[in-house]
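*Asks:* Okay, structure incoming, though there's no sequence with it:
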């Protein structure tokens, strides 16, 4: 007979399957944590910068991510790695628009990773079904109102500053989970006041953004507390520096492209804790991982 903790985890996981309103039907009926594939159309992203700067190569990779099991492909035209400089708005649009349009034409569900309302508007007009704003509306006060008008779900991530200065903002009290939860709640309230329906909001703890390794680990350990806020939760840990530091050898941190097993382990943990979606580079490994979680929890029986 499963333990009470197991039954509680199963109930939490089942409740988390409800994603935001406004998604296409095929993304609303999942019986497991969804998988978002990362597609950076940039020359300087920390993991795959420059690999998909060409639109045809980017579209081909987006299709490959879908074929590997991605439920949605997240297209971004501006790097948010630590220290990255911002790009001109027109350049961001030029990078993402042919890729979004090309993927949508091939039936791939697309989200747009941007902090700019103009980019969000152009991407949604091209067929994107979700706006993923790593600034949670703080980088541009027009963003939430724009997304409200677009009528698509909105990912509100915990964020404190742009990439060039976010390291100086990695300061928290004794309970980083409580601090992040409070700041996310404020960002969500701002989005709702701007007209975004609460049932279309997704929250993201923003691992690595104005956070040191210990903050990221604490947030992963306390993810159930963020899930308890009542919004679908998106988690992006894929290949991030804190994983490389954990797996370091005397030669230095584990190379970026050798962090997939650690990323899949994180996907298992957050899926079991109730995350609605995970954002990753290696879709196949994480797709398998979340299916294992779903099958295990579904096999449990209520002890009562």
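*Replies:* Looks like it arrived, so ask away. Given the structure is predicted, the values throughout are model-derived calculations rather than measurements.
*Asks:* drop to CA atoms for contacts and neighbour counts, all remaining ones
*Replies:* Will do.
*Asks:* buried ones in the helix or strand where residue 180 lies?
*Replies:* Residue 180 belongs to helix 176-193 when assigned by DSSP states H and E. Under the neighbour-count criterion of 16 or more other Cα atoms under 10 Å, helix 176-193 has 176-178, 180-181, 183-185, 187-188, 190-192 buried.
*Asks:* other SSEs contacting that helix?
*Replies:* Applying 3 or more Cα pairs under 8 Å, 6 or more residues apart in numbering; DSSP states H and E, one finds that helix 176-193 contacts helix 143-150, strand 154-157, helix 213-221, helix 223-227.
*Asks:* Of those, which stretch is the most buried?
*Replies:* Sort the helices and strands packed on helix 176-193 by mean neighbour count, taking mean count of other Cα atoms under 10 Å, and strand 154-157 sits at the top with a mean of 28.
*Asks:* about what we covered before: which residues touch the helix holding residue 180?
*Replies:* For helix 176-193, contacts defined as Cα atoms under 8 Å, 6 or more residues apart in numbering pick out 136-138, 144-145, 156-158, 172-173, 198, 201, 203, 205, 215, 218-219, 222-223, 225-226, 229.
*Asks:* Stretch 253-268 too?
*Replies:* Stretch 253-268 is contacted by residues 47, 237-241, 243-248, 278, 280, 282, 285-286, 289-290, 293 when judged by Cα under 8 Å, 6+ apart.
*Asks:* Among those residues, which are located in helices?
*Replies:* 241, 243-246, 285-286, 289-290, 293 (DSSP state H).
*Asks:* In PyMOL, select just the buried ones from those.
*Replies:* Typed into PyMOL, the line below selects the buried ones among the ones in helices among the contacts of stretch 253-268, using 16+ other Cα under 10 Å:
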select buried, resi 241+243+244+285+286+289+290+293
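*Asks:* Just the helices from the chain, written as ranges.
*Replies:* Listed from the start of the chain, the chain has helices (DSSP H) covering 4-16, 25-28, 55-68, 89-105, 117-125, 143-150, 176-193, 213-221, 223-227, 241-246, 260-273, 283-298.
*Asks:* got a list of what residue 115 touches?
*Replies:* Counting by Cα under 8 Å, 6+ apart, residue 115 makes contact with 133-135, 137, 139-140, 143.
*Asks:* neighbours of the closest residue to residue 277 other than its chain neighbours, just the number please.
*Replies:* Leaving aside its sequence neighbours, residue 277 sits nearest to residue 34 (Cα to Cα, 6 or more residues apart in numbering; 4.4 Å). By other Cα atoms under 10 Å, 26 other residues sit near residue 34.
*Asks:* From residue 206, how far out is residue 34?
*Replies:* 18 Å (Cα to Cα, to the nearest Å).
*Asks:* Pull out the buried members of the contacts of residue 115.
*Replies:* Neighbour counting with 16+ other Cα under 10 Å marks 133-135, 137, 139, 143 as buried within those.
*Asks:* Taking those, tell me the two that lie furthest apart.
*Replies:* Across these, the longest distance by Cα to Cα is 11.3 Å; it joins 134 and 143.
*Asks:* for the helices and strands packed on helix 176-193, which one sits closest to residue 58?
*Replies:* strand 154-157 (22.7 Å).
*Asks:* partners of that closest one in the sheet?
*Replies:* Sheet pairing of strand 154-157 (DSSP bridges) gives strand 130-133 (parallel), strand 201-204 (parallel).
*Asks:* unless I'm mixing things up, residue 92 is touching residue 79, no?
*Replies:* No. Using Cα atoms under 8 Å, residue 92 is not in contact with residue 79; the gap is 9.9 Å.
*Asks:* quick revisit: contacting residues for the residue nearest to residue 277?
*Replies:* Contacts for residue 34 (Cα under 8 Å, 6+ apart) come out as 70-71, 276-278, 290.
*Asks:* And residue 102, by the same measure?
*Replies:* Contacts of residue 102 (Cα under 8 Å, 6+ apart): residue 59.
*Asks:* swap the cut-off to 10 Å and go again
*Replies:* Residues near residue 102 by Cα atoms under 10 Å, 6 or more residues apart in numbering: 55-56, 58-60, 62-63, 96, 108, 126-127.
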